[in-house]
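In: quick one, structure for this:
(chains A and B)
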Protein chains: 2
Amino acid sequence: MILVDGAERAVISALDRGLAYGDGVFRTLAIREGAPRQWRRQYAKLAADCEAIGITPPAELLLRGEVRQIAQAEQRCALKIIVTRGPSERGYRYDTKTPAVRIVLSSPYPQYPPSYYDCGVRVRRCRVRLAGQPALAGIKHLNRLENVLARAEWTDSDIAEGLLLDNGDCVIGGTMSNLFLGRSGTLVTPDLDRCGVAGVTRDRVIHAATARGIAITIGNIGWRDVLSADEAFLVNSLAGVWPICELEGTKLSTGPLVRSVQCWLDQDDDADLA
Amino acid sequence: MILVDGAERAVISALDRGLAYGDGVFRTLAIREGAPRQWRRQYAKLAADCEAIGITPPAELLLRGEVRQIAQAEQRCALKIIVTRGPSERGYRYDTKTPAVRIVLSSPYPQYPPSYYDCGVRVRRCRVRLAGQPALAGIKHLNRLENVLARAEWTDSDIAEGLLLDNGDCVIGGTMSNLFLGRSGTLVTPDLDRCGVAGVTRDRVIHAATARGIAITIGNIGWRDVLSADEAFLVNSLAGVWPICELEGTKLSTGPLVRSVQCWLDQDDDADLA
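Out: Prediction:
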């Protein structure tokens, strides 16, 4: 199902700035048992990302109604919300009075092998580097060509994800996931103030760890830090938590921290829109 | 008029990757007297940009027919061509067999004051910096949030353009134009191998200068280089050549080189699709 500004249709204006310039933001979230998961966090992040690029976010009540409509119809799916700055005349300048356009659409829930969760995933190192842009870092905006180029680097279906570095040799995350390392009983995750996307599940892990007294460091991570970590794992809203069992041919072990994180997130599988 | 894959309609699929990820490229060109200007160069650049990100470009004959249809109907307009990787399922991975989607649309020819061409334009320095991404540098792709943010920095209609620097303090160009400096009878233009868009008019200036024995340097340009140049000017396909007469309050003089460049481009106003 696809809703554009609340109406069931599958098209948008060819003059939409989301198409013209990638001028908008998006979210991907899980619908399970007819309810969106982590709605409050997802909406808060969507609204914050809109505001970060000067788009007035759609009202929570309005968007929630559309999400609920799809959630109840589909029961279990991946839900994507795109908010664009709407249509405009030619040119980069925009009219602040044009209301944002909302696109809410469902797609099949991805069928990841259960082994991804249990045994872990094989991961590669991407060649393309993420550019440092503090003005857009962390935002899940529609300018995602770097991710597209990175994902096109491999076709081997045994490789579940690719890790991206920035041009300062810092590891930033996966093409579609955030990275955590376990080190001496503490967690480490990349600083995303220059590039990368700060996902809702990353936030959940940070909060869950902090609430349980597990120290967490947000900082620069080099390639060797990943290889030498006690454990490493990837998170996103659809996949949950995947241990990394192999990185560019090097075996990594799956330790107790990743199992704790999987457990924490299962306990906090908020469905407050149900 | 808007043509999507050759059909007269004003909408595209909400699943198009041009919307989802800015996964595509575009051109803006002038239609005058019922003919597109610099069609061969524009198509060549469009095709090269498509190939640079792994999109099979639309056939020249196909696209030319659509451009001609609009050109003959409108006579004088700004023409925009967008080529996207087409619709896809959720996820960054793409299917190489999906044909590209073509969007050809017209908008009113911009009415710039004649003084922009004769006396020059006032220009500001943008605060946002361009991120260095060699994999995408020079390409006119649909990931243009930096340009949108830069253009939103000012509303004063007396300011015609803003200059953008990269995070290494090099001046790269305008939000919608390429920059040239005149220095001791030679031309200098920024190197675009880390960021920026290499426009067709920039290419025309480089070729015209070279053909006339005027030395041209492509290299790093600092802010002080612009301020201390004998002359400075901006080019794009719709505006042509604008001398910069004032830069952040500093007056710049308009010299003989910019007049020569204006003259060269007028002489080479190719309309081979007429």
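In: can you tell me the helix or strand for the residue lying closest to residue A:103 once chain neighbours are set aside?
Out: Distances taken as Cβ to Cβ, 6 or more residues apart in numbering or on different chains place residue A:82 nearest to residue A:103, at 4.2 Å, with adjacent residues excluded. The way it works is simple: take the backbone N, C-alpha and C, and place the C-beta from them, glycine included. Under DSSP states H and E, the secondary-structure element containing residue A:82 is strand A:77-84.
In: that strand - contacts with which helices or strands?
Out: helix A:17-21, strand A:24-32, helix A:39-52, helix A:60-74, strand A:101-107, helix B:17-21 (3 or more Cβ pairs under 8 Å, 6 or more residues apart in numbering or on different chains; DSSP states H and E).
In: tell me which residues are up against the helix or strand following the fifth one.
Out: Think strand A:101-107. As assigned by DSSP H and E, the chain's next helix or strand after strand A:101-107 is helix A:114-118. The contact list for helix A:114-118, computed with Cβ atoms under 8 Å, 6 or more residues apart in numbering or on different chains, reads A:160, A:239, A:240, A:241, A:242, A:262.
In: how about the residues of the stretch 101-250 of chain A near chain B?
Out: Taking Cβ under 8 Å from any Cβ of the partner chain as the measure of proximity, the stretch 101-250 of chain A contacts chain B at A:103, A:105, A:107, A:110, A:128-129, A:131-133, A:135-136, A:141-152, A:167, A:175-176, A:195.
In: just the buried residues from those, in PyMOL please.
Out: Under the burial definition 16 or more other Cβ atoms under 10 Å in any protein chain shown, those of those that qualify are selected in PyMOL by:
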select buried, chain A and resi 103+105+107+128+129+131+132+133+136+141+142+143+144+145+146+147+148+149+150+151+152+167+175+176+195
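In: for chain B, what is the nearest residue in chain A?
Out: Closest residue of chain A to chain B, Cβ to the nearest Cβ: residue A:22 (3.1 Å).
In: coming back round to it: nearest to residue B:49, of the contacts of helix A:114-118?
Out: Among the contacts of helix A:114-118, residue A:160 lies closest to residue B:49 (Cβ to Cβ), at 30.9 Å.
In: what strand or helix carries that closest one?
Out: strand A:159-165.
In: mind giving me the packing neighbours of that strand?
Out: strand A:121-125, helix A:145-151, strand A:171-174, strand A:240-247.
In: what pLDDT, on average, does the first one get?
Out: In other words, strand A:121-125. Average pLDDT, strand A:121-125: 98.
In: partner strands of that strand, with direction?
Out: Counting by DSSP bridges, the strands paired with strand A:121-125 are strand A:159-165 (parallel), strand A:240-247 (parallel).
In: now what about the longest one, what contacts it?
Out: Okay, so that is strand A:240-247. Applying Cβ under 8 Å, 6+ apart, the contact partners of strand A:240-247 are A:116-117, A:119-125, A:160-161, A:163, A:177, A:201, A:205, A:226-227, A:231-235, A:251-252, A:254, A:258, A:261-262, A:265.
In: what subset of these is buried?
Out: Buried subset of these (neighbour count, 16+ other Cβ under 10 Å): A:116-117, A:120-124, A:160-161, A:163, A:177, A:201, A:205, A:226, A:231-235, A:252, A:254, A:258, A:261-262, A:265.
In: list the buried residues in stretch A:173-191.
Out: Quick answer for stretch A:173-191 (16+ other Cβ under 10 Å): A:173-183, A:187-191.
In: check the offset of that stretch from the chain's centre.
Out: Offset of stretch A:173-191 from its chain centre (Cα atoms, centre = their mean, to the nearest Å): 14 Å.
In: got the CA coordinates for it in PDB?
Out: The C-alpha trace of stretch A:173-191 is given here as PDB (Å, rounded to 0.1, in the frame of the first residue of the first chain):
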ATOM      1  CA  GLY A 173      29.000   2.000   9.900                       C
ATOM      2  CA  GLY A 174      27.300  -0.300   7.400                       C
ATOM      3  CA  THR A 175      25.500   0.700   4.200                       C
ATOM      4  CA  MET A 176      22.200   0.200   6.000                       C
ATOM      5  CA  SER A 177      23.100  -0.400   9.700                       C
ATOM      6  CA  ASN A 178      25.000   1.100  12.600                       C
ATOM      7  CA  LEU A 179      28.100  -0.500  14.100                       C
ATOM      8  CA  PHE A 180      28.900  -1.400  17.700                       C
ATOM      9  CA  LEU A 181      32.000  -3.000  19.200                       C
ATOM     10  CA  GLY A 182      32.400  -4.800  22.500                       C
ATOM     11  CA  ARG A 183      35.700  -4.100  24.200                       C
ATOM     12  CA  SER A 184      36.500  -5.200  27.800                       C
ATOM     13  CA  GLY A 185      32.900  -5.300  28.700                       C
ATOM     14  CA  THR A 186      32.100  -1.900  27.400                       C
ATOM     15  CA  LEU A 187      30.500  -0.700  24.100                       C
ATOM     16  CA  VAL A 188      32.000   1.500  21.500                       C
ATOM     17  CA  THR A 189      30.100   3.000  18.500                       C
ATOM     18  CA  PRO A 190      31.300   5.500  15.800                       C
ATOM     19  CA  ASP A 191      30.900   9.200  16.200                       C
END
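In: alright, I will stop here.
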